[in-house]
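Q: how would this look folded up:
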Amino acid sequence: MGDTQWENCGAETLLEEFFAQDDLRQLAESAGKILDCPLLVLDDTFHVAAYRLPQGFSDELFQNVVSCGEITYEAGVLISRSPALSEGRADFLQLPGSPYPRRFALLVSAGVQLGCLICVDTDGHLEKIPAQTWELVERILAKQLFVEASRQDKPFETAEDILMHLLDGGFSSAAYFQLQAANTYLADFHPRTFALVDLAAYHSVYAGKRRLKEALEARLPDSHPFLYKGDVFLFLHEDEDAQAFDDLAEEFHLKVLISEPLDELFDLPKLYPTAREALELMRDERFHGERVCSAAQLRIPLLLKNLEGRGGLISVELRRLAAHDREKNTQYCETLYYYLICCRSLKKTCDALYTHRNTVLYRIRRLQEDFDIPLDDPSFHADLLLGVSLILFENKGPDFFLHTPKNEA
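A: Here you go, the predicted structure:
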């Protein structure tokens, strides 16, 4: 019997097993035999739901995942940020710590992403398996995950499951959330804030001996870190917890966003979108600020980011001013910005710009006389401040609004 015939026969057997029994582990074992490879079936929290580990196969990374019951942060990031996977296509990726490439494919049923299938390519044959075989195997495994996830009487298995369901907006009321959390540590859990950790530039200096997760759990023992939508999510209790991130961020090449204060856990879905948006801003190539920022620090840049490209909101006078700055390499926009936020205090404006008093006076006079900026009419100040802030955000980037720059006179 040819390979294709054997695969088709095996796929039919898998289909029969799906209808005959209700066992994801057995289906994963049968799928692994059909595909002739070690494999992992992950749920939507990146935990191992089932696996096949053939006798004689040795791969430390694979075996550690099976032992721990979850994949590493690095692998989770690859899944979350793979362009192919985001478009619904499978992707072959090489993970640090293993000589074998892996085929990643999302498991989707009824339009819902339920998990991921990871197959280890030990000899290069996975790319030769027909697309229809992959399609059937993935559809059957996804359907079984869907069946298990759809059981109304199935409780949440872990506090992490509850938190992810909460972040996904799955609880209709605080009372329902509290009922589900009653038998977990969440029942009496009152963190001050939460943090999102970007792993795009993550680097482990321990070469597999000590991973980021172990470092987080050791230095922030009550933070309960887990992977959510490609970022590490964890809780902070004291100001010292936030300070501990400075060393971690430097050591592991992280970017960390600390949320606004959290009154109660049920408020997580309200605060999370802004926190995620702020972390995205920190990923912007124009962002060169600190590795650790708070959402409060990024409020103004976030507001301006949401208005980026709205040049029609900027007055003609300010657009002329910005053009002059670009052409002549002057600093009239910055002078106007600081003059307004310093409540038209000449001394504070000079201090902010690190510029001599006479120079600032000259610029202010030109703003009024040459560029028709109505500084003497308070009713225009809000419009001027918003317009010049949009200009500076576009020209200077978000960093301009995080620190007072030392500009040249």
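
Q: measure stretch 43-51 end to end?
A: End-to-end distance for stretch 43-51, by CA to CA, to the nearest Å: 12 Å.

Q: what does it rub up against?
A: 24-25, 27-29, 38-42, 65-66, 69-71, 75-76, 79, 113-116, 145, 149, 160-161, 164, 226-227 (CB atoms under 8 Å, 6 or more residues apart in numbering). For every residue, glycine as well, the C-beta is placed using N, CA and C.

Q: can I get the buried part of the residues you listed as one ChimeraX selection?
A: Buried residues among those (16 or more other CB atoms under 10 Å), as a ChimeraX selection:
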select :24,27,28,29,38,39,40,41,42,65,70,71,75,76,79,114,115,116,145,160,161,164,226,227
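
Q: out of the contacts of stretch 43-51, which are inside strands?
A: 39, 40, 41, 42, 113, 114, 115, 116, 226, 227 (DSSP state E).

Q: including distance to residue 85, could those go into JSON lines?
A: Shown next, in JSON lines, are the ones in strands among the contacts of stretch 43-51 (distance: CB to CB, whole Å):
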{"residue": "39", "distance to residue 85": "16"}
{"residue": "40", "distance to residue 85": "15"}
{"residue": "41", "distance to residue 85": "15"}
{"residue": "42", "distance to residue 85": "12"}
{"residue": "113", "distance to residue 85": "10"}
{"residue": "114", "distance to residue 85": "14"}
{"residue": "115", "distance to residue 85": "12"}
{"residue": "116", "distance to residue 85": "8"}
{"residue": "226", "distance to residue 85": "20"}
{"residue": "227", "distance to residue 85": "15"}
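
Q: farthest pair in those residues?
A: Spanning the widest gap among the ones in strands among the contacts of stretch 43-51 are 39 and 226, at 23.1 Å by CB to CB.

Q: which regions of this structure sit below the pLDDT cut-off?
A: Where the chain drops to pLDDT under 70, the residues are 1-21, 150-157, 203-210, 403-409.

Q: please parse it into its domains.
A: Domain ranges of the chain: 3-150, 191-297, 309-401, per automatic domain parsing.

Q: report the contact partners of the residue nearest the centre of the chain.
A: The centre of the chain sits closest to residue 231, judged by CA atoms, centre = their mean, with a distance of 4.0 Å. Listed by CB under 8 Å, 6+ apart, the contact set of residue 231 reads 196, 197, 198, 199, 276, 279.

Q: narrow those to those in helices?
A: Residues from these lying in helices, with DSSP state H as the criterion: 276, 279.

Q: now for the contacts of residue 231: which two are most distant?
A: Using CB to CB, the pair of the contacts of residue 231 lying farthest apart is 199 and 276, separated by 13.9 Å.
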